[in-house]
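one predicted model, sequence on top.
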Amino acid sequence: MQSRVFEALLSRYETVALIANSEGVDVDAVVRALPERTLYVFFTGCAKVLTRPFDGDAVLCHRLIADGTRFLKSRKHFDRAYSLFSQPPKAEIGVLADRGVPEGAPRVTTARTSTLVPYTLDFDHALGPLYPVDRMPTTGFAVALWLAEKVPDANVSLCGFTGTAGLQFNMYSEHDWTFEQIMLQLLAQKGRIRRFEDSLCEPAGALARIIGRFPEFDEATIALVAANVLANRLTGTERQVSRLWARTKLERKIRAFFKRFTH
């Protein structure tokens, strides 16, 4: 019954906008561009993107851990989040999304629920062993795919889901950002979700322009070559990062030594 009630809430809105805790988000620009009947989905750390109380209809999502018995974030994050909504959220959602498991591992046979929140979204039950092994989905990605899977009629707009690091916010390595971007782009190409930032730029990307100019190259060939180029570039980047990591080893040890005296 939980998911049905939540789906009924979503059906009252023209658009469901997922607002990532990302430096790429301009909430004011999003509100101006999207329809009046939009439901905005925020996450516990929304203080990163909200500088003043939000006036629109909103849902607040929280990451659950330990099979839904605990919240990931601390009380201060909740208090800060609640202070940034001029009216209570229309719903509070708990999101369960554990680390990816190998193919053939026991599946979550029944959707899990939690007494901590009115509604629980269980990514692992809905999607099974989809996520890369031993990596953990971001909460925003888990909600986006849950909606695409369970509420296919919803007009979902992803705002700030860039998968790229900025200068202020951390991007944790426990998440597979590359996998998430591949999945989101595939869903966007099939029209199952929409990326807000795509509506602000030309619809044809750089690779699509190649087909327009050189029709002898089909999509599969371009995709294969692009994947090889990307893999080589990533390998080169990893080597440079490894060298940088080795060169800063002494500085990190000194920092860790003095950090022990500041706690």
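In hand now; what should we look at? Residues are numbered from 1 along each chain as shown.

do a quick rundown of the strands in the stretch 1-150 of the chain.
15-19, 38-43, 58-65, 70-71, 91-96, 119-122 (DSSP state E, counting those that start in this stretch).

now those strands as JSON lines including mean pLDDT?
Shown next, in JSON lines, are the strands of the stretch 1-150 of the chain (pLDDT from 0 to 100):
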{"stretch": "strand 15-19", "mean pLDDT": "97"}
{"stretch": "strand 38-43", "mean pLDDT": "97"}
{"stretch": "strand 58-65", "mean pLDDT": "96"}
{"stretch": "strand 70-71", "mean pLDDT": "94"}
{"stretch": "strand 91-96", "mean pLDDT": "95"}
{"stretch": "strand 119-122", "mean pLDDT": "93"}
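
looking at those strands, which is nearest to residue 84?
Comparison of those against residue 84 by CB to CB identifies strand 38-43 as nearest, at 8.2 Å. C-beta here means a position set from N, CA and C on the backbone, and glycine is covered the same way.

can you list the weak-confidence ranges in the stretch 101-250 of the chain?
Residue ranges of the stretch 101-250 of the chain with pLDDT under 70: 165-172, 199-206.

out of the strands of the stretch 1-150 of the chain, nearest to residue 26?
strand 15-19 (10.3 Å).

kindly format the C-alpha coordinates of the closest one as CSV.
As requested, the backbone C-alpha atoms of strand 15-19 are provided in CSV (Å, rounded to 0.1, in the frame of the first residue of the first chain):
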residue,chain,number,x,y,z
THR,A,15,6.2,16.9,-13.6
VAL,A,16,8.3,15.3,-10.9
ALA,A,17,11.7,17.1,-10.6
LEU,A,18,14.6,15.3,-8.8
ILE,A,19,16.9,18.0,-7.4
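
partners of that strand, with directions?
Each strand that pairs with strand 15-19, with its direction, by DSSP bridges: strand 38-43 (parallel), strand 156-159 (parallel).

so which of those is nearest residue 185?
The closest of those to residue 185 is strand 156-159. By CB to CB, the value is 10.5 Å.

who touches the closest one?
15-20, 25, 27, 30, 34, 38, 140, 144, 147-148, 184, 188, 192-197 (CB atoms under 8 Å, 6 or more residues apart in numbering).

now swap in stretch 12-22 and tell me
With CB under 8 Å, 6+ apart, stretch 12-22 has contacts from 10, 25, 27, 30, 34-43, 45-46, 48-49, 57, 140, 143-144, 147, 154-162, 166, 169, 196.

tell me the first helix or strand C-terminal of the lengthiest helix in the chain.
Counting residues, the longest helix in the chain under DSSP state H turns out to be helix 219-247. Counting by DSSP states H and E, the element after helix 219-247 in chain order, helix or strand, is helix 249-259.

skipping adjacent residues, who's closest to residue 78 in space?
Excluding the flanking residues, the one nearest residue 78 by CB to CB, 6 or more residues apart in numbering is residue 44, at 6.6 Å.

the one you found contacts residue 60, doesn't it?
Yes: here residue 44 reaches residue 60: they are 7.1 Å apart, a contact under CB atoms under 8 Å.

anything in contact with each of these two?
By CB under 8 Å, 6+ apart, residue 44 and residue 60 have these common neighbours: residue 81.

domain assignment for the protein?
Annotated domains of the chain cover 2-200, 206-259 [automatic domain parsing].

okay if I get those as CSV plus mean neighbour count?
Listed next are these as CSV, based on neighbours: other CB atoms under 10 Å:
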stretch, mean neighbour count
domain 2-200, 17
domain 206-259, 10
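
need the strands paired with strand 15-19 in CSV (columns: distance to residue 78).
Output for the strands paired with strand 15-19, formatted as CSV (distance: least, CB to CB, whole Å):
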stretch, distance to residue 78
strand 38-43, 12
strand 156-159, 22
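
what's the closest of those to residue 251?
strand 38-43 (33.2 Å).

quick check: the gap between the closest residue to residue 62 other than its chain neighbours and residue 187.
Nearest in space to residue 62, with sequence neighbours left out and distances taken as CB to CB, 6+ apart, is residue 44 at 5.0 Å. According to CB to CB, to the nearest Å, residue 44 and residue 187 sit 24 Å apart.
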